[in-house]
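Colleague: return a 3D structure for these sequence lines:
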Amino acid sequence: MIDKSRLKKAFNRSASTYDEYAKTQTVVGEELVALVKELPIISAQVLDIGSGTGTVALHISRLFPLAGIFGCDIALAMATRAEEKSREANATGLHFMVADGEILPFRDHQFDLVVSSLTYQWLDNLSSSFKEVYRILRPGGYFAFTLFGKDTLFELKSSYCNAQNKSGNGHPPHFHEFLEESSLLPMMEQSGFINIHISRSIKQEYHPDIKSIFSTLKAIGAQNVSQEAPRGLGRKELFHWMNIFYEDNFKTPSGLSLTYEIYYVTAQKG
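Modeller: Numbering: from 1, shown residues only. I've put the predicted structure just below:
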């Protein structure tokens with residue numbers, strides 16, 4: 001289960017540093033916008049769920065300059081930063097608010113297009129969340145989103161498990177579990193969507209050391225927000241063994257690898 005208080009805290013804290021460090025997230029957002037550009041829509045009302053600092057919403061506003069575009073995020077600091085960026089860009093027609101993606105505060109059939117970039121892995125009940133999107137879309141409207149897949153950050157998880165065994169901690173690790181691709185299509189179909197298309201890609205970052213990895217993840221708010229998340233990742237012994245395992249198994253000529261598995265989904269409301 002997701003601890004939403006920890007989730008809010010992590011993303012509120014990272015609002016001022018997110019754009020500087022979220023390199024992979026920025027690329028994925030641009031790829032999502034490219035997918036939207038290929039959809040046969042002339043949009044009047046758009047919603048960006050988990051809008052963060054507003055980067056995707058700003059791109060969408062350039063695609064549809066006459067559209068009314070709303071962004072919602074669970075973290076107030078993120079919504080505030082998105083408002084600031086829209087003013088700095090002299091973008092009009094954008095509105096940002098605080099809202100939970102699992103319970104959307106919008107009326108039925110309000111939007112022609114709903115987008116979301118790398119948000120749904122932070123929600124517990126994806127099936128009901130997708131039904132919420134279906135509810136607020138107009139008939140024929142489109143849903144386009146990305147989310148992390150199950151192999152995301154596998155190097156970090158492997159290193160932690162190994163370090164825990166080496167240190168003799170004795171407690172089973174609990175990590176945030178990312179979704180398997182095979183689960184997505186049934187959820188979308190059960191929510192009522194048609195014309196569903198799912199694709200996948202692997203993105204890799206390279207860091208000079210494990211300290212850089214932790215610093216980057218903290219700066220973008222990508223923390224383990226499970227209610228049973230492991231504590232003490234910063235303890236000296238655990239960190240020592242994590243560093244050794246990571247260096248031995250995931251070091252490349254470019255640095256320590258950090259993997260993100262990304263799913264790209266487009267669908268339509270029948």
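
Colleague: helices and strands around the helix-or-strand element of the chain with minimal mean pLDDT, which ones?
Modeller: None of the helices or strands of the chain scores lower by mean pLDDT, DSSP states H and E than helix 154-167, at a mean of 87. Applying 3 or more Cβ pairs under 8 Å, 6 or more residues apart in numbering; DSSP states H and E, one finds that helix 154-167 contacts helix 236-250, strand 255-269. C-beta here means a position set from N, CA and C on the backbone, and glycine is covered the same way.

Colleague: can you show me the helices along this structure?
Modeller: Assigned by DSSP state H, the helices in the chain fall at 4-14, 18-21, 23-37, 55-63, 76-88, 126-136, 154-167, 181-190, 210-219, 236-250.

Colleague: mind putting the ones you listed into a markdown table with mean neighbour count and distance to residue 115?
Modeller: Formatted as a markdown table, the helices of the chain follow (neighbours: other Cβ atoms under 10 Å; distance: least, Cβ to Cβ, whole Å):
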| stretch | mean neighbour count | distance to residue 115 |
| --- | --- | --- |
| helix 4-14 | 18 | 18 |
| helix 18-21 | 18 | 18 |
| helix 23-37 | 18 | 6 |
| helix 55-63 | 21 | 6 |
| helix 76-88 | 19 | 14 |
| helix 126-136 | 19 | 10 |
| helix 154-167 | 18 | 27 |
| helix 181-190 | 15 | 15 |
| helix 210-219 | 17 | 24 |
| helix 236-250 | 16 | 33 |
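
Colleague: among the ones you listed, which is nearest residue 148?
Modeller: Taking Cβ to Cβ, helix 23-37 is the member of the helices of the chain nearest to residue 148, at 9.3 Å.

Colleague: on that earlier part again, which stretch in the helices and strands packed on helix 154-167 has the least confidence?
Modeller: Of all these, the minimum mean pLDDT falls on helix 236-250 (a mean of 90).

Colleague: neighbours of residue 124, how many?
Modeller: 11 (other Cβ atoms under 10 Å).

Colleague: got it, and residue 106?
Modeller: Neighbour tally, residue 106, other Cβ under 10 Å: 17.

Colleague: close enough to count as contact, it and residue 136?
Modeller: Yes: assessed by Cβ atoms under 8 Å, residue 106 is found in contact with residue 136 at 4.7 Å.

Colleague: joint contacts of these two?
Modeller: Taking Cβ atoms under 8 Å, 6 or more residues apart in numbering as the criterion, residue 106 and residue 136 both touch residue 47.

Colleague: quick check, residue 200 in contact with residue 261.
Modeller: Yes: counting by Cβ under 8 Å, residue 261 is a contact partner of residue 200 at 6.9 Å.

Colleague: what's the overlap in contacts for those two?
Modeller: residue 149.

Colleague: which one of these two is surrounded by more residues?
Modeller: Remark: of residue 200 and residue 261, residue 261 carries more neighbours, 20 against 12, as counted by other Cβ under 10 Å.

Colleague: confidence score at residue 210?
Modeller: 92.

Colleague: do residue 63 as well
Modeller: For residue 63, pLDDT reads 94.

Colleague: mind checking how far the nearest residue to it once chain neighbours are set aside is from residue 198?
Modeller: Spatial nearest neighbour of residue 63, chain neighbours left out: residue 37 (6.0 Å); criterion: Cβ to Cβ, 6 or more residues apart in numbering. Noted for residue 37: a distance of 18 Å to residue 198, by Cβ to Cβ, to the nearest Å.

Colleague: can you pull the pLDDT of residue 115?
Modeller: 98.

Colleague: buried residues in stretch 137-146?
Modeller: 137, 141-146 (16 or more other Cβ atoms under 10 Å).

Colleague: could you dump that stretch to CSV, C-alpha only?
Modeller: What follows is stretch 137-146, C-alpha atoms only, in CSV (Å, rounded to 0.1, in the frame of the first residue of the first chain):
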residue,chain,number,x,y,z
LEU,A,137,-13.8,11.6,-20.7
ARG,A,138,-16.4,12.5,-23.3
PRO,A,139,-17.4,9.7,-25.6
GLY,A,140,-14.7,9.2,-28.2
GLY,A,141,-12.1,11.0,-26.0
TYR,A,142,-8.5,9.8,-25.6
PHE,A,143,-6.4,8.7,-22.7
ALA,A,144,-2.6,8.8,-23.2
PHE,A,145,-0.2,7.9,-20.4
THR,A,146,3.1,6.5,-19.3
